[in-house]
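**Student:** Structure here, sequence nowhere to be found:
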């Protein structure tokens, strides 16, 4: 078989895998843990069950792959370059919005379902913990640098960054049951005001 013949097949395989992963994240976020089986994901992705099982023979294989993909995406988002943030006080608005977006997106809603299942599944918990720790480090580093780019506020900035992330995570949890966007905007703006007072330029 020639290289050119292999490439389209490899591309189709990659696309199939990506469709399955995307369908899994969406199903976890909208249907929950128990509904997210390999056969259900295959149907949602428009892929045959045989093709799905070729990529992910078991549910554990599927969940492992999707966890790694989700946390990689969320960590990358958390670690986006700070060059995109505005200068001056508006930087705090932007960094708080970025923190909240990490914990209110579809990947976080999907991750919550897996976290809940991991509470009674030691193997799943051991898989999640290092991935979650990596995300937490990236999010904290981004938030500290966004709140205190010059480093003049030291420990205070680190403490306020952690509170910001805890607040963002709580807002993400509240958003899983109903549209909490109106109250979230009010809470976020109140916290931004406090941060600007605590971290003057």
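**Tutor:** Yep, it's here. Note that this is a predicted model, so its numbers are computed, not measured.
**Student:** If we go by neighbour counts, what in the longest helix seen in the chain is buried?
**Tutor:** Counting by DSSP state H, the longest helix found in the chain is helix 3-31. Within helix 3-31, the residues that count as buried by 16 or more other Cβ atoms under 10 Å are 16-17, 19-29. Where C-beta positions appear, they are placed from N, C-alpha and C, glycine not excepted.
**Student:** for stretch 31-49, same thing?
**Tutor:** By 16+ other Cβ under 10 Å, the buried positions in stretch 31-49 come out as 33, 36, 38, 40-42, 44-45, 47.
**Student:** wait, which of those is closest to residue 63?
**Tutor:** residue 36 (7.8 Å; Cβ to Cβ).
**Student:** Quick one: residues contacting the closest one.
**Tutor:** Shown in contact with residue 36 (Cβ atoms under 8 Å, 6 or more residues apart in numbering): 24, 27-28, 59, 63, 113.
**Student:** can you do 6 Å?
**Tutor:** Each residue near residue 36 by Cβ atoms under 6 Å, 6 or more residues apart in numbering is listed here: 27-28.
**Student:** Kindly report the same for residue 104.
**Tutor:** The neighbourhood of residue 104, defined by Cβ under 6 Å, 6+ apart, consists of 172, 175.
**Student:** With residue 66 instead?
**Tutor:** Shown in contact with residue 66 (Cβ under 6 Å, 6+ apart): 21, 24.
**Student:** how near is it to residue 181?
**Tutor:** The gap separating residue 66 from residue 181 is 26 Å, by Cβ to Cβ, to the nearest Å.
**Student:** what bits of the protein have low per-residue confidence?
**Tutor:** For the chain, the stretches with pLDDT under 70 are 1-7, 80-82.
**Student:** Let me know the helix or strand that the most centrally placed residue in it is in.
**Tutor:** In the chain, the residue lying closest to the centroid (Cα atoms, centre = their mean) is residue 74, at 3.5 Å. Applying DSSP states H and E as the criterion places residue 74 in helix 59-78.
**Student:** Which residue ranges make up the domains of the chain?
**Tutor:** 1-57, 64-198 (automatic domain parsing).
**Student:** so what's residue 194 up against?
**Tutor:** With contacts defined as Cβ under 6 Å, 6+ apart, residue 194 has no neighbours.
**Student:** so what does the host helix or strand of residue 127 touch, helix or strand wise?
**Tutor:** Using DSSP H and E, residue 127 sits within helix 122-147. Counting contacts by 3 or more Cβ pairs under 6 Å, 6 or more residues apart in numbering; DSSP states H and E, helix 122-147 packs against helix 59-78, helix 90-104, helix 106-118, helix 154-174.
**Student:** Alright, I will stop here.
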